[in-house]
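Trainee: Quick one: sequence plus predicted model below, questions after.
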Amino acid sequence: MALMAKARVERVGRGATGACIALVALLVVTLVAMVAGRGIATFTADGIDLGSFLTGTTWNPHQEDASGMPTVGALPMIAGSFSVTLLSTLFALPIAFGSAIFVVEVAPRFGRRVFQPLLELLVGIPSVVYGLIGLTIIVAWVRDAAAAMGQTITGFGIFSSAVVLAIMVLPTITSLSIDALAAVPHEYREGSYALGCTRWQTIWNVVLKSAAPSLMTAVILGMTRAFGEALAVQMVIGNAIQMPSGLFTPASTLTSVLTMGMGNEAMGTVYNDVLWSLALLLLAMSLVFIVIIHLIGHKGAAKHG
Amino acid sequence: MTDFENEQGAAVRDAGAQVDEPMISIRDFNLWYGDFQALKGVTLDIPKNCATAFIGPSGCGKSTLLRTFNRMCDFVPTVRTEGAIEVAGRDIFSGDANELRVRVGMVFQHPNPFPMSIRDNILYGPRRMRRLGRAEADELVERCLRDAGLWDEVRDKLGQSGLGLSGGQQQRLCIARALATQPEVLLMDEPTSALDPISTALVEELMVQLARERTVVVVTHNMQQATRVADKTAFFYLGELVESGPTKQLFGNPVQQKTKDYLTGRFS
């Protein structure tokens, strides 16, 4: 009897957890399938050329070009997304690594008690708040700074977005970097100190080097977040769908165009399909980021194995 | 042969022979971790170019004393010391700890090669001190690996990661790495406790060889190991140095009852 009851518990446990897995898997597969299905319709049903979509520099879906097709060149947004992502990572990286090193190597107690709770707070702030701060402070600062140098600009653009995004991805990169550095075995540090190396020689030559794969992962996860962020970027980038001509002119990203346009078009229209194509592009990019992270993970494992 | 001042020194001096200065001299040394006194009034001379073993039960202070010689215990925030330790006649606490650690190398309980190539592991210490030419670096790598008895096994894979080696090879790589800064003293903190018997035998043989040209101090849990490798042995119990002397004499004819009890396994 007891044996039967045991067997039933095993069955139920297995069944319940298995169902959870099945649900998640189903969700992922259908989500990807739906985005892909809609996104591809642009090229199959509406007959838009994939090449001209990826490389076209003019975005005006309501206007037809010379060949009678809607002008849907996505390159301005692709360029906008990439420049905003790279620039924000560039801004955030030194600060994130620097504070991670301080917290792990110099003041671990301060790090655990003060700095890490602070970081969690930063992560928890909704992106609209960041956008608001960007809109009222950073955009204004950029405008004023330019005015002081005799330039007249709006303050909206890639630079302001990158600053806002840098603040947003900073906690992600920092806390992952802290984990990466803290995971470096203490034996490596001891070995280095025992050879007469100073703390900073040790940090530079052993700690950072052996944490490099994990630090790369931290950076790429930060980039993924920057690439996918919509709301805050939309608030400060200026939303001009044109090829970015500089860091201080209004531009747009894949995400900002999506949030601006998605509610306004009826399902099944070409404009709507094209927006789905942009979403597919975003999805593909995050897949690329994930693949890179896995490749780094494998390389790291091979090196340490 | 070794001669120790407290046993034979007088006789040797009478005969007019040169008595070497001890490599490490410890005078009335006390060490506290917070309120806990880990070492109590230790006075000991460690002779030059010999192997000296520290034995005793866990928590007796032998590792603590070893880690004091290269000031690795500085990293424990609550540590406090009293008394004097000199290495080669110089007070270790007054100088720069990093400079001391170049002269006093250390091998740890668990092999800890850095996650880089075998070659880079060896060159790690020297490169932090000066620029090395290619030929000089090659020569240094070969010499250190030969001294650590590892050259023949790794000569064709110097560019491969040190982590790809077996545990025993990793430990010998760590020994080679420690030799690269040309230390006068090599400290070994239970260097074979994580190794298999064959690797242990290799490392023990190595200790004997290394002790011909430099001072080796080894902490060990394994009393047979002490008899195999050490010229002199010191027995610690509860933070005190109970007895020290030539290994043969300490194991064959211990003076203190505590030592006898430990050696016969009455406590461990």
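Mentor: Cool, got the structure.
Trainee: how close does A:T44 get to A:D273?
Mentor: Going from A:T44 to A:D273 by CB to CB, to the nearest Å gives 10 Å. (Glycine included, C-beta is placed from N, CA and C.)
Trainee: Same check on A:V142?
Mentor: For A:V142, the distance to A:D273 - CB to CB - is 36 Å.
Trainee: got it, and B:L163?
Mentor: 52 Å.
Trainee: go on, B:T227?
Mentor: 84 Å.
Trainee: Spell out which parts of chain A neighbour chain B.
Mentor: Residues of chain A lying close to chain B (CB under 8 Å from any CB of the partner chain) are A:185, A:187-188, A:190-198, A:201, A:205-206, A:209-210, A:303-305.
Trainee: Run through the chain and note the low-pLDDT ranges.
Mentor: Picking chain A for this. A:1, A:300-305 (pLDDT under 70).
Trainee: oops, chain B please
Mentor: Using pLDDT under 70, chain B drops low at B:1-19, B:268.
Trainee: Write out the residues of it neighbouring chain A.
Mentor: Residues of chain B lying near chain A by CB under 8 Å from any CB: B:70, B:72, B:75, B:98-102, B:105-106, B:108, B:110, B:112-116, B:124-125, B:128-129, B:161, B:163-164, B:174, B:177-178, B:180-181.
Trainee: Just the buried ones from the residues you listed?
Mentor: B:70, B:72, B:98, B:100-102, B:105-106, B:108, B:110, B:112-116, B:124-125, B:128, B:161, B:163-164, B:174, B:177-178, B:180-181 (16 or more other CB atoms under 10 Å in any protein chain shown).
Trainee: show me where chain B has helices.
Mentor: B:10-14, B:62-69, B:97-103, B:118-127, B:134-147, B:151-154, B:167-179, B:197-210, B:223-229, B:247-252, B:257-263 (DSSP state H).
Trainee: list the buried ones in the fifth one?
Mentor: It refers to helix B:134-147. Quick answer for helix B:134-147 (16+ other CB under 10 Å): B:A137, B:L140, B:V141, B:R143, B:C144, B:L145, B:D147.
Trainee: The last one reaches B:R177, doesn't it?
Mentor: No. Taking contacts as CB atoms under 8 Å, B:D147 lies outside contact range of B:R177: 11.2 Å.
Trainee: ok, A:A182 - contacts?
Mentor: A:V104 (CB atoms under 8 Å, 6 or more residues apart in numbering or on different chains).
Trainee: What's the separation between it and chain B?
Mentor: Between A:A182 and chain B the computed distance is 16 Å (CB to the nearest CB, to the nearest Å).
Trainee: Surely A:S286 and A:T224 touch.
Mentor: Yes. Between A:S286 and A:T224 there is a contact under CB under 8 Å: 5.8 Å.
Trainee: between these two, which one's more packed in?
Mentor: A:T224 (20 against 14; other CB atoms under 10 Å in any protein chain shown).
Trainee: who touches the more buried one in this structure?
Mentor: A:S286, A:F289, A:I290.
Trainee: Sitting in helices, which of those do you find?
Mentor: Going by DSSP H, the helices hold A:S286, A:F289, A:I290 from those.
Trainee: wait, the second one sits on A:F227?
Mentor: Yep, that's A:F289 we're talking about. Yes. Using CB under 8 Å, A:F289 is in contact with A:F227, at 7.3 Å.
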